[in-house]
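Student: Pasting a predicted model and its sequence here:
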Amino acid sequence: MSFREKTAWFTLITILMFFGAYYGFTLTGLVPGNSWAAFHLFAVCMAGLVVAQLALNLVAASLSPKDARTPRDEREQTIHARSHILGYYVLMIGTAITLVSTHIPSHGDNHVDIIIRTVNFGVLSILTAAASVAIAQIVMYRRGA
């Protein structure tokens, strides 16, 4: 498995792990979505994601330093471009859903609840785009595109 495929796997796994926990806790009601506890959980998940990504990439680079330093060949550049094009479209769809969600009234929502819902949809669209890029890269590396 190449270094760049490993980084795609690391991205996918850490996103699913940390933000699966965040959305799992907030959507099930274990942590109320409009509380300071939810904000702190978000901050911990974001920091954990950054630290885990950094640590895993450093470990992968130290295990195969030659592979980590080699420039992208034509195939890897194509995989990178195609996966990011897909991620762009996923992000645009997520952004549209986020904008629409701000205009959907819900009984008993105040302005704070609407803002929190909008932020959660926005973060989810960014995470979905990043995960779709990682999945596309994994599939293309496995397929040999």
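Tutor: Perfect, thanks for sending it.
Student: all contacts plus neighbour counts: C-alpha atoms, from now on.
Tutor: Noted.
Student: Just give the nearest non-adjacent residue to residue 56, would you?
Tutor: residue 10 (6.9 Å; Cα to Cα, 6 or more residues apart in numbering).
Student: Quick one: residues contacting that neighbour.
Tutor: Counting by Cα atoms under 8 Å, 6 or more residues apart in numbering, residue 10 makes contact with 53, 56-57.
Student: Take these and keep only those in strands.
Tutor: When the contacts of residue 10 are checked against strands (DSSP state E), there are no matches.
Student: could you redo the residues you listed as TSV and give each row distance to residue 29 and neighbour count?
Tutor: Listed next are the contacts of residue 10 as TSV, based on distance: Cα to Cα, whole Å; neighbours: other Cα atoms under 10 Å:
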residue	distance to residue 29	neighbour count
53	28	18
56	31	16
57	34	19
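Student: still on that earlier bit, which of the helices or strands spans the residue nearest to residue 56?
Tutor: Assigned by DSSP states H and E, residue 10 belongs to helix 3-28.
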